[in-house]
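Student: Task: produce atomic coordinates for the following.
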Amino acid sequence: MRQVPLEERYETLTITREGRLLTITMNRPDALNAADAVLHEELAHVFYDVAVDPDSDVIVLTGAGRAFSAGGDIPWMQTAIDRPDSFEQTAREAKRIVFSMLDLEKPLVARVNGHATGLGATLALFCDVIFAADTAKIGDPHVSIGFVAGDGGPAIWPQLIGYARAKEYLMTGDLLPARKAAEIGLINHAVPPEELDAAVAAFTGKLLAGATKAIRWSKTVTNIELKRIVHGVMDASVAYEALSNRTEDHQEAVNAFRAKRKPTFTGR
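Tutor: Presented below is the predicted three-dimensional model:
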């Protein structure tokens, strides 16, 4: 079967290589790399695609411009409200994204160059090792837009920082400065922005110089229990998110965002 080269396969993702290091860049900088229908679908494929790429051993995930990813695109959210049946595809893709990241044997490193919120935080936190600029903020503010944090947050946050802290941040939607995130174990490293590339390069270089199969399989066995937990959570998680997609509070939050005002929630 003829395959289109990875570098030519995507519309909203850019694939670059440096030796056996492959970098995936979310490339919607004008939208702060927020996911629309196209980017979400491509994210549901790219980690399966790089898994079988014979010319790479280590993967870096990052964002173009000043953000890592601002989560979901507001016009795309409105489309899901207007056509709730379309959320079935979104739910399938949401599971594929996190499952494919966990199934990927190659080390996956997050280069969090700017804010990572909502789905953006999920993408960063499902990476194996997370480097962030200390000017970045990380959080899952689904609730601030009347939405259940269903795309992976309830699965990964408790495993990283415990249930009490995870519930605090998922129920409030508060964002954490990168240094605070590193202090509590949500991410690995927070460094000055001008040192981010060097820090990522030093770490990925160490992996590239190591025993490739031993590194891959060490990751694989470490992920076994995490995969069991995540698979047990995601069906319910996206189902509750689909329910919240139909609420008046979610529509109000989308309206408020567009009008640049605070939402008035009614619990409906």
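Student: And the strands in the stretch 1-150 of the chain, which stretches?
Tutor: 13-18, 21-26, 58-63, 67-69, 108-112, 115-117, 129-133, 137-139 (DSSP state E, counting those that start in this stretch).
Student: Turn those into CSV, columns for distance to Q251 and mean neighbour count.
Tutor: From N, CA and C alone the C-beta is placed, and that goes for glycine too. Converted to CSV, these look like this (distance: least, Cβ to Cβ, whole Å; neighbours: other Cβ atoms under 10 Å):
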stretch, distance to Q251, mean neighbour count
strand 13-18, 30, 16
strand 21-26, 27, 22
strand 58-63, 28, 25
strand 67-69, 23, 27
strand 108-112, 31, 25
strand 115-117, 20, 28
strand 129-133, 33, 24
strand 137-139, 22, 23
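Student: residues making contact with stretch 225-233?
Tutor: V98, F99, L102, D103, G152, P154, A155, I156, Q159 (Cβ atoms under 8 Å, 6 or more residues apart in numbering).
Student: ok, now with 10 Å
Tutor: Applying Cβ atoms under 10 Å, 6 or more residues apart in numbering, the external contacts of stretch 225-233 come out as 95, 98-99, 101-103, 126, 150, 152-156, 158-159, 220, 223, 237.
Student: Okay, P54 and Q3: tell me how far apart.
Tutor: 11 Å (Cβ to Cβ, to the nearest Å).
Student: out of the two, which sits in the more crowded spot?
Tutor: Per other Cβ atoms under 10 Å, whichever of P54 and Q3 has more neighbours is Q3, with 9 against 6.
Student: Just want the phi and psi numbers for that one.
Tutor: phi -110, psi 140 (degrees, to the nearest 10).
Student: cool, P54 as well?
Tutor: phi -80, psi -10.
Student: Please name the residues that touch it.
Tutor: R20.
Student: cool, and W76?
Tutor: Contacts of W76 by Cβ under 10 Å, 6+ apart are A31, A34, A35, D36, A37, V38, L39, H40, S86, T90.
Student: Repeat that for W217.
Tutor: W217 sits in contact with E105, A211, where contact means Cβ under 10 Å, 6+ apart.
Student: Quick check: buried residues in whatever helix or strand it lives in?
Tutor: According to DSSP states H and E, W217 maps onto helix 212-244. Going by neighbour count (16 or more other Cβ atoms under 10 Å), the buried part of helix 212-244 is 212, 215-216, 219, 223, 230, 233-234, 237-238, 241-242, 244.
Student: relative to strand 108-112, how tilted is that helix?
Tutor: In terms of direction (axes from the mean of the first three to the mean of the last three Cα atoms, to 10 degrees), helix 212-244 departs from strand 108-112 by 60 degrees.
Student: rounded to a whole number, what's the mean pLDDT of helix 212-244?
Tutor: In this model, helix 212-244 has an average pLDDT of 97.
Student: Start at 7, not 1
Tutor: Done: numbering now begins at 7, and the last item shifts to helix 218-250.
Student: Distance from the chain centre to it, please.
Tutor: On the basis of Cα atoms, centre = their mean, to the nearest Å, helix 218-250 sits 13 Å off its chain's mean C-alpha point.
Student: which residues touch the helix or strand that comes right after it?
Tutor: Following helix 218-250 in sequence order, the next helix or strand is helix 254-265 (DSSP H and E). For helix 254-265, the external contacting residues (Cβ under 10 Å, 6+ apart) are 80-81, 83-84, 86-88, 148-154, 247, 249-251, 253, 267-274.
Student: Could I get the average pLDDT for helix 254-265?
Tutor: 93.
Student: and it with helix 218-250, angle?
Tutor: Orientation check (the same axes, to 10 degrees): helix 254-265 against helix 218-250 gives 100 degrees.
Student: What are the buried residues along helix 254-265?
Tutor: D255, H256, Q257, E258, A259, V260, A262, F263.
Student: could those residues go into JSON lines alongside distance to K173?
Tutor: Output for the buried residues of helix 254-265, formatted as JSON lines (distance: Cβ to Cβ, whole Å):
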{"residue": "D255", "distance to K173": "19"}
{"residue": "H256", "distance to K173": "21"}
{"residue": "Q257", "distance to K173": "26"}
{"residue": "E258", "distance to K173": "24"}
{"residue": "A259", "distance to K173": "21"}
{"residue": "V260", "distance to K173": "25"}
{"residue": "A262", "distance to K173": "25"}
{"residue": "F263", "distance to K173": "24"}
